[in-house]
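A.B. asks: Below are the sequence and a predicted model; questions follow.
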Amino acid sequence: MNGRSINRKKVLFISSLGGHLTQLLQLKSLFVEYDYHIVTEKSIITEDLSKQYQMSFLAYGARNYLFKYIFKFSYNIFKSLYYFLREKPDVVVTTGAHTAVPTCYIAKLFGKKVIFIESFAKTSTPTLSGKLVYPIADLFIVQWEEMLKHYPKAVYGGSIY
């Protein structure tokens with residue numbers, strides 16, 4: 001047996017640092033309902049959070065330095081594949097951003113469900129991550145009704161705060 005509780009779905013939660021992770025952690029009531037694992041970028045804050053939550057880390061990759069970012073992003077794609085294969089999730093849930101997009105596509109390649117929650121901070125324009133994941137998401141949730149004009153198949157879920 002792989003350590004998974006019988007009949008419990010395995011959910012991989014993934015996001016980048018900052019507000020995206022803050023929003024993802026608003027879903028912590030789900031952590032007790034599912035076998036979960038969180039993937040985010042490594043920082044002092046997330047290393048501390050790993051004492052509370054089951055977490056793995058990707059390299060932090062701000063887009064300020066494009067050349068460095070390309071290498072870190074490429075590295076994170078392979079590391080995301082490793083985490084995906086190790087955790088074997090049934091569902092991937094993400095609040096974005098860049099670090100989460102490859103995992104969503106990996107999940108689809110393996111026939112798994114993808115749930116994307118568009119950022120609370122985006123009230124009238126879509127995020128790049130949202131635009132990239134929208135076509136493959138099984139469930140796409142927006143937190144502002146105005147965002148439905150950008151994502152007509154989305155579900156308005158209201159604020160997760």
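C.D. replies: Nice, thanks for sending it over.
A.B. asks: How about the backbone phi and psi for residue 55?
C.D. replies: phi -140, psi 150 (degrees, to the nearest 10).
A.B. asks: Show me the beta-bridge partners of it.
C.D. replies: Beta-bridge pairing for residue 55 (DSSP bridges): residue 38.
A.B. asks: Can you tell me the number of residues neighbouring it?
C.D. replies: Neighbouring residues of residue 55 were enumerated by other CB atoms under 10 Å; the total is 17. For every residue, glycine as well, the C-beta is placed using N, CA and C.
A.B. asks: before we move on, what about residue 68?
C.D. replies: When counting by other CB under 10 Å, one arrives at 13 neighbours for residue 68.
A.B. asks: That one and residue 75: what is the separation?
C.D. replies: Applying CB to CB, to the nearest Å, the value for residue 68 to residue 75 is 11 Å.
A.B. asks: by contact count, what packs against the longest helix along the chain?
C.D. replies: Secondary structure assigned by DSSP state H gives helix 66-87 as the longest helix of the chain. Secondary-structure packing of helix 66-87 (3 or more CB pairs under 8 Å, 6 or more residues apart in numbering; DSSP states H and E): strand 10-15, strand 35-41, strand 55-58, helix 101-109.
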